[in-house]
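**Q** Sequence first, then the predicted structure:
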Amino acid sequence: MSFRRDVISKLIFSWARRVLPSVSDTEREALEAGDVWWDADLFTGDPEWTKLLDTPPATLTAEEQAFLNGPVDELCAMLDEWKINWELRDLPPEVWNFIKQKKFLGMIIPTEHGGLGFSPYAHSEVVRKISSRSLVAAVTVMVPNSLGPGELLMRFGTRDQQSKWLPCLADGRDVPCFGLTSPEAGSDAAAMTDSGIICKGMFEGHEVIGIRLNWHKRYITLGPVATLLGLAFKAYDPDHLVGSQEDLGITVALIPTSLPGVSIGRRHLPAMQVFQNGPTWGKDVFVPLDYVIGGKERLGQGWKMLMTALAAGRGISLPSLSAAGAAFSARTTGAYARIREQFGIPIGKFEGIEEPLARIAATAYLIDAARRLTCAALNEGHHPAVISGIMKLHATERLRTVIDDAMDIHGGKAVIDGPQNYLGNLYRGVPVSITVEGANILTRNLIIFGQGAIRAHPYLLQEMNALGDTNKARGLDAFDKTFWVHIVHSFKTLFRAWGRSWSGGVFAPAPNDAGAVTGFYRQLSRYSAAFALCADMALLTLGGKLKRKEMLSARFGDILSELYLLSAVLKRWHEEGRQEADLAAVEWCMATGFRTMEQRFADILANLPNRFVAIMLKFMIQPLGAQARGPSDKVIHACAQLVLEPSVARDRLTQGLSHVDDDGGPARLEKAFLLVTAAEDVFKRMHAARLRDADAAVRQGTITQVEAEQYKAAQEAVARVIEVDDFAPEALSPHEKAVSVQVVQERTETRVAG
Ligand SMILES: Cc1cc2nc3c(=O)[nH]c(=O)nc-3n(C[C@H](O)[C@H](O)[C@H](O)COP(=O)(O)OP(=O)(O)OC[C@H]3O[C@@H](n4cnc5c(N)ncnc54)[C@H](O)[C@@H]3O)c2cc1C
């Protein structure tokens, strides 16, 4: 008999069991998918910075690097996004062949099954480089390496299934797709009506026990050209052929699309991106039970399998694409703002342009920092479900901000479509990344904190498991052990958060010898403690109701996300050798992140339903309200300079992007940028003399003949950048076939600024 356990804990245990909200099987499986990593440290309120800094950085093997410098560059040189989207409406056949032959579709499949066996980081680097050249090609390569038949077979397939299917997926003999979404079931996949009835049927001349499937899926990437469909459906066993249970739940099977009853081939057109995407139907399609991934034992385990695969996949594909888009925008927009002049000076020198330019540069720094950190965790074998949700949401949301800014800075140049427009397609494609792999509003409002609070919280999951234990005595015992440790932890967190907030974080922990960013570590330690305290109080006062308080949940999720993203920024700065030149980007990210967190705390405290607790929390962590102001004008100015001049810092910020030395928009821009910046002094003298004619300037002795040639070459290059495409009217006529589009590029009227 223990007084604490059998009296006090028992009372709390019985009350909590009554009020604990019911968790559906699909919710539980989603919650339990993957594991936790740095998110759990942030949730303790006292993160151990040495643990973060000691995590080995993600690196490439020599073989992976050779692939990036070889086949990936070759592929990039074959890609012409305008032609693909507007003329061919598909990747050209030679690109499809190249992708298959070089095993781009089997990057993650182990070498023993004929794939490339690449690490998550190598996979990410490949997707990132291709994304900076063509979104259509990137999505085509990304999908088979993300959630789909390959990943599911590797994790859950039987040995026979792996040796049967993986070699064909690795070398492109099979093209996979994955069908989960149906017209009635989008975000709520569990609402699907696609069904599989277990029954006897004939397959390849023999009577076997199998599944008769009926489905209607839509939005399926690679669906129209897939030869192997990974299908999610609800399995039923009305005749009890495999057991006593009738309703088995969501199941995943492999369906060769050549089977009778399967319909594929029609296409959607997602945001004018022509990667293959379309609906698929199945009518009474029969497959044997061993087409279920993992075999008979995995019937009904589909949701758990999908969530586990998603826990890793979400951290790679879209974050890599977003990192590429942000870095590409930073490189091109900085260059454009430098060579484009208005009112006699480069537009990048106007403060109004510096502000969005700094946002682009710093965001590119942040997204890539977070991508690398996440890949480092994945390379170490983690499947951090909450972190991959954070990455998917924030990388794509921030790409949206970046591309909006980039479009604005380019003005009409980015609005007018044609082969010379290197931004328009990225702008159009962003909503796809926002919607897929868990739509962003849902991910922000429901998943990140909803899952984070349970998975990453040091004690909550253990308490919930104890409360849900069918063996009450065992549950009470486990609850008693965890609950009191939790209480002690909560008190420590309370004093920690209070102390660090009132002292402005100046005594909060930071790693030894952190240099110029020591103060930033201290602030993150301070906000982490405040977050842990507020999260605990919200969970205590709202319990299961917090699930429906999506606005509160989203704010908590934003704070957790900022803590993760800013940790990644500090780690990147440390790993890249603490570059002085990059400090402006680090400072911008920190100041912006601190402002966001303070605002979210203020909003939480203003809206927490338990007003007494809210007022107490406000007194402890934010007595004066939100104070952080965001980056200063000085930091914004310094940050914009990172991309306005050629420099090592600019190259570091945008490393690993594809560069094809053709006559396309990005290549023309880079050339003009280098010529203009090299001739800066000549431009200055011409401006000072109020001259535009180089020959006249030579005659007047303002510049030399050599400088005049330099000036003319730069002006010529600028003119080629600022020109936009125009088309013969019949080429844009709806009666004309798209393939006959004739692009007329006339630059005779181009006015040269200067
Ligand atoms: C180009 C493209 C490619 C795709 N590829 C594939 C594929 O290969 N395979 C596949 O199976 N699917 C694919 N999808 C489907 C994609 O995963 C779904 O579009 C996505 O799950 C959202 O479903 P929905 O579009 O029906 O939107 P809905 O589920 O109807 O959602 C509409 C809005 O409501 C929000 N919302 C929903 N529930 C909540 C909630 N509880 N709280 C707050 N907000 C909520 C969502 O965030 C969204 O903003 C693809 C979609 C697109 C557009």
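**A** On my side now, so go ahead.
**Q** Now do the nearest residue to residue 572 once chain neighbours are set aside, the pLDDT please.
**A** Once flanking residues are discounted, residue 572 sits nearest to residue 369: 3.6 Å by CB to CB, 6 or more residues apart in numbering. (Each C-beta comes from the backbone N, C-alpha and C, glycine too.) Residue 369 carries a pLDDT value of 98.
**Q** quick one, phi/psi of residue 369?
**A** phi -60, psi -50 (degrees, to the nearest 10).
**Q** Going by residue numbers, what spans are strands in the chain?
**A** The residue ranges that make up the strands of the chain, judged by DSSP state E, are 176-179, 195-203, 206-221, 228-236, 247-256, 262-263, 277-288, 341-342, 345-346, 726-727, 743-744.
**Q** could you give the angle of the third one to strand 195-203?
**A** So that's strand 206-221. Here strand 206-221 points in a direction 130 degrees away from that of strand 195-203 (axes from the mean of the first three to the mean of the last three CA atoms, to 10 degrees).
**Q** ok, and for strand 206-221, which residues are buried?
**A** For strand 206-221, the neighbour count (16 or more other CB atoms under 10 Å) marks 209-221 as buried.
**Q** which other helices and strands contact that strand?
**A** Under the contact criterion of 3 or more CB pairs under 8 Å, 6 or more residues apart in numbering; DSSP states H and E, the helices and strands touching strand 206-221 comprise strand 176-179, strand 195-203, strand 228-236, strand 247-256, strand 277-288.
**Q** want to throw the buried residues of strand 206-221 into CSV with pLDDT and distance to the ligand?
**A** Formatted as CSV, the buried residues of strand 206-221 follow (pLDDT from 0 to 100; distance: CB to the nearest ligand atom, whole Å):
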residue, pLDDT, distance to the ligand
209, 96, 27
210, 97, 23
211, 98, 19
212, 98, 21
213, 98, 15
214, 98, 17
215, 98, 11
216, 98, 12
217, 98, 6
218, 98, 8
219, 98, 4
220, 98, 5
221, 97, 4
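**Q** between those residues, which is nearest residue 454?
**A** For residue 454, the nearest member of those is residue 219. The distance, counting by CB to CB, is 29.4 Å.
**Q** Provide a list of residues in contact with that closest one.
**A** Taking CB atoms under 8 Å, 6 or more residues apart in numbering, we find residue 219 in contact with 181, 268, 270, 277, 279.
**Q** and the first one, how many neighbours does it have?
**A** It stands for residue 181. Counted with other CB atoms under 10 Å, residues neighbouring residue 181 total 18.
**Q** excluding its backbone neighbours, what's nearest it?
**A** In space, residue 181 comes closest to residue 219 once its chain neighbours are excluded; the distance is 5.1 Å by CB to CB, 6+ apart.
**Q** what's the spacing between residue 525 and residue 687?
**A** Applying CB to CB, to the nearest Å, one obtains 50 Å for the distance of residue 525 from residue 687.
**Q** same check, this time on residue 696
**A** Computed with CB to CB, the distance linking residue 696 and residue 687 is 14 Å.
**Q** Need the overlap of contacts for those two.
**A** A shared contact of residue 696 and residue 687, defined by CB under 8 Å, 6+ apart, is any residue touching both; here there are none.
**Q** May I have the phi/psi pair for the residue of the chain found nearest the ligand?
**A** In the chain, the residue found nearest to the ligand is residue 186; the distance is 2.0 Å by CB to the nearest ligand atom. Torsion angles at residue 186 (phi, psi; degrees, to the nearest 10) stand at phi -100, psi -100.
**Q** which secondary element of this protein has the worst mean pLDDT?
**A** Within the chain, judged by mean pLDDT, DSSP states H and E, the helix or strand with the poorest mean is strand 743-744; its value is a mean of 41.
**Q** Quick one: neighbours of residue 679, just the number.
**A** Every residue meeting other CB under 10 Å relative to residue 679 is counted, giving 20.
**Q** near the ligand, which residues of the stretch 201-350 of the chain?
**A** Contacts of the stretch 201-350 of the chain with the ligand, taken as CB under 6 Å from any ligand atom, map to 219, 220, 221, 270, 277.
**Q** Farthest pair within these?
**A** Considering CB to CB, no two members of those lie farther apart than 220 and 270, which are separated by 11.0 Å.
**Q** Identify the contacts common to these two.
**A** Each of residue 277 lies in contact with both residue 220 and residue 270 under the rule CB under 8 Å, 6+ apart.
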